[in-house]
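Participant: got a sequence here, can you build the structure:
(one chain, ligands or ions: 1)
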Amino acid sequence: MGDLAPYATIDDFADLGVRAVITTRAAGSFSLAGDDPTGEVMTRWQALRSWLGVEGPGSRFATSVQVHGARVIWHQPGWEGWLRVDAADGHCSAQRGTGLGISVADCVPVFVAHPSGIVGLLHAGWRGTAARIVPGALAEMAEHGARPADLRIHLGPGICGACYRVGPDVYQQLTGRRVSAPASVDLRAILAEQVRECGVRSVTISPWCTRCDNAMFFSHRCGDSGRQVAALVATP
Ligand SMILES: [Zn+2]
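Facilitator: Down below sits the predicted model:
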């Protein structure tokens, strides 16, 4: 892998005291259903928790079994350890120190941060995007006092528009428009439009495409079984 760093930090929220990161191929796959031995995969997860500062007694790190749905978990304090929620694709927390993690390989990791320390991390492939997982999460964040106008959102490494062709049915679910043949869609452009419609003003989009930059990231459409992890935590 040459000099590829195992973690690519996302600096958009650093001044808010929020650490955000995505792992690269150099860190190895984080998939528990992939080809790598489970022990090695667990070691990678533990190293990431340690890097984030959410490992050890009293710490919280929330993940889930992802199902390409729109269910988002609002994590309260009062637990500790590594949580793996069943059937959820997004996580929010108002408690500094609660780490959030999702695994991806073409789907878009959506990082959300508010100056108060409220954070969110959503897994948005085409199904989640069509089901509006991100606007749903933003509505819940607003109920907790994080207004969209004050949020910062980063759309992380995912498949780009040039690399992603979908059939007419998926295209219509994503865009509302009919086509008669497979067509290209840019998930991150659609997600950016969704959040701007919610009133978010600060949106950045990663320059990386998991398929164009397949030497750096795992890509489902390139045939990879591996997964990288996107994670963030508002540091105490
Ligand atoms: Zn691409």
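Participant: quick one: contacts for the most centrally placed residue in the chain?
Facilitator: The residue lying closest to the centre of the chain (C-alpha atoms, centre = their mean) is residue 109, at 2.4 Å. Residue 109 makes contact with 22, 102, 121, 122, 123, 124, 155, 156, 157, 158, 230, according to C-beta atoms under 8 Å, 6 or more residues apart in numbering. All C-beta spots, glycine's among them, are computed from the backbone N, C-alpha and C.
Participant: try residue 214
Facilitator: 222, 224.
Participant: any idea how far it is from residue 171?
Facilitator: Using C-beta to C-beta, to the nearest Å, residue 214 is found at 24 Å from residue 171.
Participant: same deal with residue 109?
Facilitator: According to C-beta to C-beta, residue 109 and residue 171 sit 23 Å apart.
Participant: quick one: low-confidence parts of this structure?
Facilitator: Scanning the chain for pLDDT under 70 picks out 1-2.
Participant: and the strands in it, which stretches?
Facilitator: For the chain, strands defined by DSSP state E occupy the ranges 7-10, 18-23, 60-64, 72-75, 81-85, 90-93, 98-104, 108-113, 119-124, 152-155, 165-166, 183-184, 202-205, 228-234.
Participant: check contacts around the residue lying farthest from the centre of the chain.
Facilitator: Computed with C-alpha atoms, centre = their mean, the maximum C-alpha offset from the centroid of the chain is found at residue 180, amounting to 31.4 Å. Residue 180 makes contacts with residue 168, as judged by C-beta under 8 Å, 6+ apart.
Participant: how much space between it and residue 61?
Facilitator: Here residue 180 is placed at a distance of 46 Å from residue 61 (C-beta to C-beta).
Participant: buried residues, stretch 35-45. List them.
Facilitator: 41, 44, 45 (16 or more other C-beta atoms under 10 Å).
Participant: count of neighbours near the closest residue to the second one other than its chain neighbours?
Facilitator: Going back to what we said before, that points to residue 44. Spatially, and ignoring its direct neighbours in sequence, residue 44 is nearest to residue 28 (5.3 Å; C-beta to C-beta, 6 or more residues apart in numbering). Residues lying near residue 28 (other C-beta atoms under 10 Å) number 20.
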